[in-house]
Structures are given as structure tokens and as C-alpha cells.
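Colleague: sequence plus the predicted model coming up.
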Amino acid sequence: MSSPNFVVIGECVADVVRTGDGAPDTVHPGGSPANVAYGLARLGEPVALLTELADDPYGRLIRAHLESAGVALLREPSAGDGGPRTPSAVVRLDAEGRAHYAFDIGWTLPAVDLPFPPGHLHIGSIAAVTAPGAAAVLALAERWRGRAGVSYDPNVRPALMGGHAEAVRRVERCVALSDLVKASDEDLAWLYPDRTPEQAARHWLGLGPATVAVTRGPAGAFALTADGRRAEAPARPVEVADTVGAGDAFTAALLHARRAGAPLATALAHATAAATLTVTRPGATPPDTAELAAALGGWCGG
């Protein structure tokens, strides 16, 4: 295949959504990096995903979902008895539609090379900090840093992060390899309980990124840059179905807008609108180009 605009590296997860009201479980394709790849493809970006999938029911569901949007998978699903299962997570929704996760996941990506030079490399979530596969993720980020843009979303999952000090060290290593970092205020509160989101974002800027963007749920989002700029975008009030995949939709739209040359404030509004649209429907279902353009009053980078 020709070199895509984006290569995303990280996990796929089958989200088994459980509402607690007696309704049957619903399975949605998920996993933060997979959601970002899917969101980029929905916005018309050529994108490839380096991940791990098994040839099992969850794996086939996720593969069909990704390929339906045009995401190219860089590894074939594994098959055979005794092999890894496709990761899954039981997702419980609270009264406000916020998602809480219980994971069944392993991440064993071996050392690999990409079959083409990436235009931009996105890493994140469980795959960037979970041994043994995290070593392969970081090796690729280190290899391409300076030759391609690198972005990172920690998408903190405390139950999978181990000891707090070690988790912070691993996250900060990824931050230092990146040009753009996105995090939620909840991520930052867990990593740095004694700092405000803005203080934590400024700390990260000191590690090397050019831009740090922070989502704040109904309070919107802000972004800081190493050269002293600050941008904000308010959230729009909507009826929330659930928050699954909202942060990933934000990341995909932010990357898409920045690649299209949008100024930071415009890109932040673009990303916030994408996240807002995503929370109005169940599962990680980010907008396509037409939906996002309509929400933005007609502007959509291409």
C-alpha cells in the first residue's frame, strides 16, 4: 500500500456495554488507538493501524468495523488454539452516561518495522505503557521522531497502570517523544493529583511537546503551546447517550484539522464538535466529514 497520512499503533478492544437495567449486553468495537484510526478514516484520512487481533468473534467484529471505514490493518489476525484472545472490556455506564471499564487485555506486539515511512505516527493508551508490547511501540516512536509527527494520548486506565510513580514515568517518556499530546482532566488528576490541569499541561510542555490539549467534559477543552499560545473551545450542551469514544473522536478530529493547516483555536473547536457529536449516540461512533462540517457550520478541513 502507499504511505498513508497517519499510522496509529495500539490496542483494539471489544467494549461489552452493560447498562445494569436488565437489557442485554451490547458489544461495540473499541480500544482508544483503534477508535482514533477509525475516526481519522471517517474524516477521509488515509490511515493504517498496527495492532493485535485474534481470529475470533470479537476480532472479526472489530476488523469488519475498521475496514468498513477504510482503515488498513498492518498485521493479520492471529489464529489457532492457545493464541491470544481479542482484548475485551466490560463497560458499565453510570447515570450520566460516563463509562467505567473492567479489562481483559494483553499486549504482546513484537518488535516490528513499518512497511513505509509514516506521515504522522499516533500512539497511546494501554499499548504505550503495557509490557511486553510497549517496548515495540516506543521503539517505533523513537525511530520516527523528527522524521514524522508524533502524537500521544495516555487515556489513563488506573487498573492497568501498576504503581503510580512508575506509571507517571512511563507516561512522561511517551510525552517526551511526542509533538502533540492530548489528555483528559481526569487523566491529569490521576497522574498529578496536586496540580491543576493547566499546571500539568505546562509541566508536559517542558518535556518536549509543541502542543498539549486537555479535554474537560462539559467544560470544553483548552490547548497550550510551547511558544506561549493558549486556545479554548467551549462544549455544547447535548443529551448524552454515553461518553464511550468521545476523547478518541476529539483526538482524531484534532489531528485531522491540524494536518489540514487549521489554526490551533479552529482545530480545537473542530475536535470539541466531534466529541460532542460522539456522545449523542451509543458506542465509539465518531462523525464523518459531512456530519462534522454541518456541526461546524460548514467548515471542515480536507
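Modeller: Sure, I can see it. Residues are numbered from 1 along each chain as shown.

Colleague: what about the strands in the stretch 51-200 of the chain?
Modeller: 72-73, 88-93, 99-104, 120-124, 149-153, 180-184 (DSSP state E, counting those that start in this stretch).

Colleague: okay if I get the ones you listed as a markdown table plus mean neighbour count and mean pLDDT?
Modeller: Bear in mind the C-beta positions are built from the backbone N, C-alpha and C, glycine included. Converted to a markdown table, those look like this (neighbours: other C-beta atoms under 10 Å; pLDDT from 0 to 100):
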| stretch | mean neighbour count | mean pLDDT |
| --- | --- | --- |
| strand 72-73 | 18 | 96 |
| strand 88-93 | 19 | 83 |
| strand 99-104 | 14 | 82 |
| strand 120-124 | 27 | 97 |
| strand 149-153 | 25 | 98 |
| strand 180-184 | 26 | 98 |
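
Colleague: out of these, which gets nearest to Ala48?
Modeller: Ranking the strands of the stretch 51-200 of the chain by proximity to Ala48 (C-beta to C-beta) places strand 72-73 first, at 4.3 Å.

Colleague: adjacent strands (with direction) for the closest one?
Modeller: Here strand 72-73 has these sheet partners by DSSP bridges: strand 47-50 (parallel).

Colleague: so for the strand it pairs with, mean pLDDT?
Modeller: The average pLDDT within strand 47-50 is 97.

Colleague: re earlier: looking at the strands of the stretch 51-200 of the chain, which is nearest to Leu66?
Modeller: That would be strand 72-73 among these, by C-beta to C-beta, at 6.6 Å.

Colleague: can you list the strands of the stretch 51-200 of the chain in TSV and add distance to Val16?
Modeller: Converted to TSV, those look like this (distance: least, C-beta to C-beta, whole Å):
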stretch	distance to Val16
strand 72-73	22
strand 88-93	5
strand 99-104	9
strand 120-124	21
strand 149-153	22
strand 180-184	22
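
Colleague: of the ones you listed, give the one that comes closest to Arg202.
Modeller: strand 180-184 (12.0 Å).

Colleague: re earlier: which of the strands of the stretch 51-200 of the chain sits closest to Ala200?
Modeller: Ranking those by proximity to Ala200 (C-beta to C-beta) places strand 180-184 first, at 7.9 Å.

Colleague: look up how far Val8 lies from the nearest residue to Arg147 once chain neighbours are set aside.
Modeller: Of all residues not flanking Arg147 in the chain, Pro117 sits nearest, at 7.0 Å (C-beta to C-beta, 6 or more residues apart in numbering). For Pro117, the distance to Val8 equals 15 Å [C-beta to C-beta, to the nearest Å].
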